[in-house]
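Student: Sequence first, then the predicted structure:
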Amino acid sequence: MDGLIRGTDGRARCAWPGDDALYLDYHDREWGRPIADDRRLFEKIVLEGFQSGLSWRTILHKRARFRAVFHDFDPARVARYGERDVARLLADPGIIRHRGKIEAAIANARAAVALIEHEGSLARVIWSFEPPAHERPSHVDLATVKAMPTTAASERLAKALKARGFRFFGPTTAYAMMQAVGLVNDHFEGCAMRDEVETARAAFVRPR
């Protein structure tokens, strides 16, 4: 079972969460399940930006504090942040105190608000980059996923959002977000969650 680990409940899972209880819960309940809520999608864009150079485990353990200090990632609220808010965030030890990433989060909120006003929803734009079946591998395992840190679809998504003013959102970050919010199902073959996620994706109504 390359890339898999068997849990205490006897079910096989992707091995990457290790024995971290919070990470395991994220793997089982969130990762790969389709999302169409603009606030949660904006959150993923921001947190994936903060993750750059770090591990998702680090961000996940700080996510509750991120949500508290970023007003639960309401893009309209974050878009109004000014220098006083930047200083407030830089002083908060519960998040990643990186000025460039904080300023990018605010810029991305403003870009998200503009996009929502023009297109109707952030979800509608992001889901329009769901990759077609012919661009997906026939078998998803550890080797397959390691070999594709970016994809043609993630390059298209990153380019489109960059053109709309989004920052700290390159093709690798875009693909990590696509994996997390259900545009693709990258649970490994044999993972107990893979079929659950595929069922959720089949039932999901794509934003149009």
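Tutor: Here it is on my side, so go on.

Student: could I get the helix or strand bottoming out on mean pLDDT in the chain in PDB with only the CA atoms?
Tutor: In the chain, the helix or strand scored least confidently by mean pLDDT, DSSP states H and E is helix 142-146, which has a mean of 88. What follows is helix 142-146, C-alpha atoms only, in PDB (Å, rounded to 0.1, in the frame of the first residue of the first chain):
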ATOM      1  CA  LEU A 142       2.000   8.600  -4.400                       C
ATOM      2  CA  ALA A 143       4.200   8.600  -7.500                       C
ATOM      3  CA  THR A 144       1.500  10.200  -9.700                       C
ATOM      4  CA  VAL A 145       0.800  13.000  -7.300                       C
ATOM      5  CA  LYS A 146       4.500  13.700  -6.600                       C
END
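
Student: how about the helix or strand that comes right after it: buried residues?
Tutor: The helix or strand immediately downstream of helix 142-146 is helix 152-163, counting by DSSP states H and E. Going by neighbour count (16 or more other C-beta atoms under 10 Å), the buried part of helix 152-163 is 153-155, 157-158, 160-161. For every residue, glycine as well, the C-beta is placed using N, CA and C.

Student: what about this structure, any weak spots by pLDDT?
Tutor: 1 (pLDDT under 70).

Student: Check which residues of the helix or strand containing residue 197 are buried.
Tutor: Using DSSP H and E, residue 197 sits in helix 192-203. Within helix 192-203, the residues that qualify as buried are 192-194, 196-197, 201, counting by 16+ other C-beta under 10 Å.

Student: residue ranges of the strands in the chain, please?
Tutor: 4-6, 12-14 (DSSP state E).

Student: Quick check: residue 59 vs residue 20, distance?
Tutor: 13 Å (C-beta to C-beta, to the nearest Å).

Student: what about these two, which has more around it?
Tutor: Neighbours were counted for residue 59 and for residue 20 using other C-beta atoms under 10 Å; residue 59 has more, 19 against 14.

Student: which residues does the spatially closest residue to residue 4 that is not a sequence neighbour bridge with?
Tutor: Closest residue to residue 4 apart from its sequence neighbours, by C-beta to C-beta, 6 or more residues apart in numbering: residue 12 at 4.8 Å. In this entry, residue 12 is beta-bridged to residue 6, by DSSP bridges.

Student: Who are the contact partners of residue 12?
Tutor: Residues in contact with residue 12 (C-beta atoms under 8 Å, 6 or more residues apart in numbering) are 1, 4-6, 190-192.
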